[in-house]
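Q: Any chance you could fold what I've pasted below:
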Amino acid sequence: MIAKLFLVVLVIIIGSFIWYFVKGKVSNTHQQVRDRAIEGNFGRALAAGPATKHLSMMGRTLTLGADPTRAGELIAHVASSDDRVTDVHSEAGAIVIQIDGSYPRARAQLMPDRTVIGIEAMTWEMGFPQGAAVWDRIATAITQAATHQGIPVGEGNREFVKDEGGSGKPEVWTVRVA
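A: Here you go, the predicted model:
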């Protein structure tokens with residue numbers, strides 16, 4: 001009886017070690033295949049469509065036709081209520097919203113007659129701009145809240161370029177200056 005129990009425990013321990021190393025080997029293999037696909041033409045071809053969609057989402061801007069105090073309060077309230085927003089703070093004539101610690105970073109320019117908000121910098125990792133769904137969710141919530149309060153909202157679009165001054169990973173992309 002004790003010998004059988006000892007044998008079962010020994011099989012479980014040896015099986016656990018084998019499982020750990022096999023699982024690690026499979027995970028590393030999957031990681032290498034994913035990296036090769038992203039680096040190769042096949043990966044770029046697969047990622048091109050969704051990346052373009054995400055980039056378009058990141059370029060979405062909103063123009064709120066309200067005084068800066070009212071628009072700023074609305075933007076700060078809506079952005080603060082999203083779980084992925086880690087910081088909302090005021091700067092001279094602007095409100096800065098940071099998503100996931102640092103990027104993407106949105107800036108609301110508070111002007112006397114209107115407020116324009118959009119992404120000013122983002123990271124590009126694994127073939128996609130990161131945080132596009134979060135920004136789209138926040139922009140939609142701001143639009144709905146402003147419309148509910150009777151504030152006119154207009155939409156626009158921005159283009160981005162890779163920030164050549166930055167080095168390392170992840171790549172940082174900023175708004176294209178005309």
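
Q: Quick one: name whatever helix or strand follows the helix or strand hosting Glu73.
A: Assigning secondary structure by DSSP states H and E places Glu73 in helix 68-80. If you walk from helix 68-80 toward the C-terminus, the next helix or strand you reach (DSSP H and E) is strand 85-91.

Q: what pairs with that next one, and is each one parallel or antiparallel?
A: Each strand that strand 85-91 pairs with, and the sense of that pairing, follows from DSSP bridges: strand 94-99 (antiparallel).

Q: So for stretch 88-101, what gets flagged as buried?
A: Across stretch 88-101, burial judged by 16 or more other C-beta atoms under 10 Å covers Val88, Ala94, Ile95, Ile97, Gln98, Ile99. (Glycine included, C-beta is placed from N, CA and C.)

Q: Which members of these are the farthest-apart pair?
A: Checking the buried residues of stretch 88-101 against each other with C-beta to C-beta, the farthest-apart pair comes out as Ala94 and Ile99, at 16.1 Å.

Q: With only the CA atoms kept, save the helix holding Glu73 in CSV.
A: Coordinates of the C-alpha atoms in helix 68-80 are reproduced here as CSV (Å, rounded to 0.1, in the frame of the first residue of the first chain):
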residue,chain,number,x,y,z
PRO,A,68,-12.8,75.6,-21.8
THR,A,69,-13.9,75.1,-18.2
ARG,A,70,-17.0,73.1,-19.1
ALA,A,71,-15.3,71.0,-21.8
GLY,A,72,-12.3,70.4,-19.6
GLU,A,73,-14.5,69.1,-16.7
LEU,A,74,-16.4,66.9,-19.0
ILE,A,75,-13.2,65.4,-20.6
ALA,A,76,-11.5,64.9,-17.2
HIS,A,77,-14.6,63.2,-15.7
VAL,A,78,-15.2,60.8,-18.7
ALA,A,79,-11.5,59.9,-19.0
SER,A,80,-11.1,59.3,-15.3
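
Q: list the helices and strands the longest strand along the chain packs on?
A: Secondary structure of the chain read by DSSP state E shows that its longest strand is strand 115-125. Helices and strands touching strand 115-125, by 3 or more C-beta pairs under 8 Å, 6 or more residues apart in numbering; DSSP states H and E, are strand 60-64, helix 68-80, strand 105-110, helix 132-148, strand 160-162, strand 171-175.

Q: out of the ones you listed, nearest to Leu7?
A: Each of the helices and strands packed on strand 115-125 has some distance to Leu7 by C-beta to C-beta; the shortest is helix 132-148, at 51.7 Å.

Q: Tell me which residues are up against the closest one.
A: Judged by C-beta atoms under 8 Å, 6 or more residues apart in numbering, the contacts made with helix 132-148 from elsewhere in the structure are 53-55, 57-58, 60, 62, 64, 66, 71, 74-75, 77-79, 81-82, 84-85, 97, 99-100, 104, 106, 117, 119, 152-153, 155.
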